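Q: how would this look folded up:
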Amino acid sequence: MVEPLQSRAPARCPFLVRISARQLLVRVLSSLCLLGCPIDERKVNTDAPDGAAPSGEAQGGASGAASGGSSGENGGSGSGVGGNPGGVAGTGDAGTASPDGGGEAPLPACADRLIRELGTATGATTNAEGSFSLSCGPGISDDIGFYWVAEAAGYYEINTTGSSFDTALGLLSPACDGTELACNDEGGSPPRSEILRPFGAGEGVVIVVDGKSGSFGDVALNVNRITCPAIDLGLQPLPLASTTLDGSNNHTGRCGGEGLPEKAYRWSAPAAGLYRFSVTSTVIEPALYVEQGPRCGGRLLGCNYGSSLSPAAVVRRLAQNEVVTLIVDSANGAGAFTLNVEELSSALCPSLPPVSLDNDLVTGTLTPGDPSVLTGSCVPSEQSAQPNGAFALPEHTYPLTTESGYGCSISINADAPVTVYVLEGLQCGGAELVCQNFTAVGLDQDVEIDLGDAFSGASYDYVVVVENTNPTAGAVNYTLFESCFTI
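A: This next block holds a predicted model:
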């Protein structure tokens, strides 16, 4: 015979005060207690509105914040005790609160902690289990896994700035099937790893902080939305007409813009190719900067300045889905401009066969009919000659690879003014390393850059550009010299 529930001794319900981290267990135990406890001894708040959490549970808001974060912003009560009391980013051991107030979803099995909001979450890998093996983190180290869900779509920065050890940072699928979405180990001092990535609204990810080669210590995990650039060109029609009058004033560089407002944009290449970014204006002298990555302040690939007669333009080869940041600035004020992006599907860059500095010299003749594709930071994209308009600047582009273990320098002798600039890599996609104008005629003049590295033992790739800065002068003869050494 089954004893009636009413005849059981009154039961205290301590598990309503200390909640299990597993949602299923919480619900089972809570339901048993509610059936077996007299009303006057239940840990409930009878004045709470429908859907509110019992007072003994850690709620989103006041009590949830004391437990390491708030879940109230999601519209439901939290049922987990935060694992990081007072944590800035609101970490905890349970899942996120569901929007309908029905409680929290469980953590993925491969996550240790929850990040409830943007900011800094803390923890430690000391004496933690080495549960993960990241592709960018050599060796076996203690680690910790955080679970985070993006509330809004956009680009986010995730880094370990402030951690006490050399970290490796990885993003894993919340399915816990071992799928690695991204991994980074930049090292440096202070130790720091960082991943920049777009997320969809409601997309979740397991963020793993591991140690490099056995390192461990205190963890600072920072998750924040990228706010500059604020405009994604992929969502805008091109050409884009805009103005810098309502822009910010945070940027300056070698092509101009100090103390003047600018606009910043993000753009992703839809396919691999050679792309021309250009800005035209009739009211300002535009300056255009192209930076690597989806965040303002990335490595500068190149910049260029224009005039009312010629555009500011930068050309680079990009991989499919490669993201760049475009900054439209000015050398002389603020005003309206037009920004455009074009694929140069028929253009060749480099335009000439590879050269070797072992040959001692390279000779060439620039003619007005030669290609004009690239632009440098020290020369306009076109030469203005009023009243005849603007003229393209013909160029020769050479791929060049230094011999392993050699350091080299180059110089030029030309019979008319020329410009020389050097890009990293062999495909016209790298950062500009130097841009230099040479006005002396018939003299050997040094390009102020060292190519290669005699100490590393490696070889290095470049594109060397020789450009005629006065195309009305006709043909220009030049000779490139080299001087290399090894140790």
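
Q: now C255, nearest residue through space, not along the chain?
A: Distances taken as C-beta to C-beta, 6 or more residues apart in numbering put C303 closest to C255, at 3.9 Å, once the chain neighbours are dropped. C-beta here means a position set from N, CA and C on the backbone, and glycine is covered the same way.

Q: What's opposite the one you found in the beta bridge?
A: Beta-bridge partners for C303, by DSSP bridges, are Y289.

Q: For S404, see how far away it is.
A: With distances taken as C-beta to C-beta, to the nearest Å, C303 is found 32 Å from S404.

Q: Of these two, which one has the most company?
A: Higher neighbour count among C303 and S404: C303, with 25 against 13, using other C-beta atoms under 10 Å.

Q: List the contacts of that one.
A: Taking C-beta atoms under 8 Å, 6 or more residues apart in numbering, we find C303 in contact with G253, R254, C255, A287, L288, Y289, V290, V314, S377.

Q: Looking at it now. What's its pLDDT?
A: Here the pLDDT value assigned to C303 is 98.

Q: helix or strand for R276, which one?
A: Secondary-structure element containing R276, defined by DSSP states H and E: strand 273-280.

Q: likewise L301?
A: Judged by DSSP H and E, L301 forms part of strand 300-305.

Q: And the next helix or strand past that strand?
A: Beyond strand 300-305 on the C-terminal side, the first helix or strand identified by DSSP H and E is strand 312-318.

Q: Neighbouring strands - and their directions - for that next one?
A: The strands that strand 312-318 pairs with in its sheet are strand 273-280 (antiparallel) (by DSSP bridges).

Q: Next, the angle strand 273-280 makes with the helix or strand where E342 lies.
A: With elements taken from DSSP H and E, the one containing E342 is strand 336-343. Here the directions of strand 336-343 and strand 273-280 differ by 170 degrees (axes from the mean of the first three to the mean of the last three C-alpha atoms, to 10 degrees).

Q: Any idea how far strand 336-343 is from the middle of the chain?
A: If you compare the mean C-alpha spot of strand 336-343 with that of the full chain, they lie 23 Å apart, counting by C-alpha atoms, centre = their mean, to the nearest Å.

Q: now stretch 355-373
A: Put simply, stretch 355-373 sits 36 Å off its chain's centre (C-alpha atoms, centre = their mean).

Q: So which residues of the stretch 251-400 of the chain form helices?
A: Secondary structure of the stretch 251-400 of the chain (DSSP state H, counting those that start in this stretch): no helices located.

Q: all strands for it, in order.
A: 263-268, 273-280, 286-292, 300-305, 312-318, 323-330, 336-343, 361-366, 382-384, 390-392, 395-401 (DSSP state E, counting those that start in this stretch).

Q: try the stretch 101-250 of the chain
A: Assigned by DSSP E, counting those that start in this stretch, the stretch 101-250 of the chain shows strands spanning 113-115, 119-124, 143-149, 154-159, 167-172, 180-184, 194-199, 204-211, 218-225, 231-232, 240-243.

Q: Comparing those strands, which stretch has the densest surroundings?
A: Among the strands of the stretch 101-250 of the chain, strand 113-115 has the highest mean neighbour count (mean count of other C-beta atoms under 10 Å), at a mean of 28.

Q: now whichever helix or strand C484 is part of against strand 361-366, angle please.
A: In this assignment (DSSP H and E), C484 forms part of strand 476-485. Counting by the same axes, to 10 degrees, strand 476-485 lies at 160 degrees to strand 361-366.

Q: Can you name every helix or strand that strand 476-485 contacts?
A: Counting contacts by 3 or more C-beta pairs under 8 Å, 6 or more residues apart in numbering; DSSP states H and E, strand 476-485 packs against strand 361-366, strand 407-414, strand 461-468.

Q: what angle sits between it and strand 395-401?
A: 20 degrees.

Q: buried ones in strand 476-485?
A: Within strand 476-485, the residues that qualify as buried are V476, Y478, L480, F481, E482, C484, counting by 16 or more other C-beta atoms under 10 Å.

Q: And these, which is closest to L169?
A: Closest approach between these and L169, by C-beta to C-beta: C484, at 39.5 Å.

Q: separation between the closest one and G457?
A: When C-beta to C-beta is the yardstick, C484 and G457 sit 14 Å from each other.

Q: ditto for L169
A: L169 is 30 Å from G457, where distance means C-beta to C-beta.

Q: same check, this time on L288
A: In this structure, L288 lies at 38 Å from G457, with C-beta to C-beta as the measure.

Q: need the helix or strand of this structure with the lowest average pLDDT.
A: Confidence across the helices and strands of the chain bottoms out at helix 62-66, with a mean of 33, counting by mean pLDDT, DSSP states H and E.

Q: quick one: average confidence on the helix or strand harbouring V434?
A: V434 is part of strand 432-438 when elements are defined by DSSP H and E. Taken as a whole, strand 432-438 carries a mean pLDDT of 97.

Q: For the next helix or strand along the chain from it, what is the distance to the chain centroid?
A: Towards the C-terminus, the helix or strand next in line after strand 432-438, according to DSSP H and E, is strand 445-452. Taking the mean of its C-alpha atoms, strand 445-452 sits 31 Å from the chain's own mean (C-alpha atoms, centre = their mean).

Q: got the buried residues for strand 445-452?
A: Neighbour-count burial for strand 445-452, counted by 16+ other C-beta under 10 Å, picks out Q445, V447, I449, L451, G452.

Q: got JSON lines for the residues you listed, with pLDDT and distance to D232 too?
A: What follows is these, written out as JSON lines (pLDDT from 0 to 100; distance: C-beta to C-beta, whole Å):
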{"residue": "Q445", "pLDDT": "95", "distance to D232": "44"}
{"residue": "V447", "pLDDT": "95", "distance to D232": "38"}
{"residue": "I449", "pLDDT": "92", "distance to D232": "35"}
{"residue": "L451", "pLDDT": "92", "distance to D232": "37"}
{"residue": "G452", "pLDDT": "91", "distance to D232": "39"}
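
Q: Output those residues in a markdown table, with distance to E395 appended to each entry.
A: Supplementary listing: these in a markdown table, determined by distance: C-beta to C-beta, whole Å:
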| residue | distance to E395 |
| --- | --- |
| Q445 | 18 |
| V447 | 15 |
| I449 | 18 |
| L451 | 19 |
| G452 | 23 |
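
Q: what residues are up against S377?
A: For S377, the contacting residues are R254, C255, G302, C303, N304, Y421, E432, C435, by C-beta under 8 Å, 6+ apart.

Q: which residues does the last one contact?
A: Residues near C435 by C-beta under 8 Å, 6+ apart: G376, S377, C378, V379, T419, V420, Y421.

Q: List just the nearest of these to N159.
A: Proximity of the contacts of C435 to N159 was ranked by C-beta to C-beta; the top entry is S377 with 29.5 Å.

Q: gap between the closest one and L288?
A: In this structure, S377 and L288 are separated by 10 Å, where distance is defined by C-beta to C-beta.
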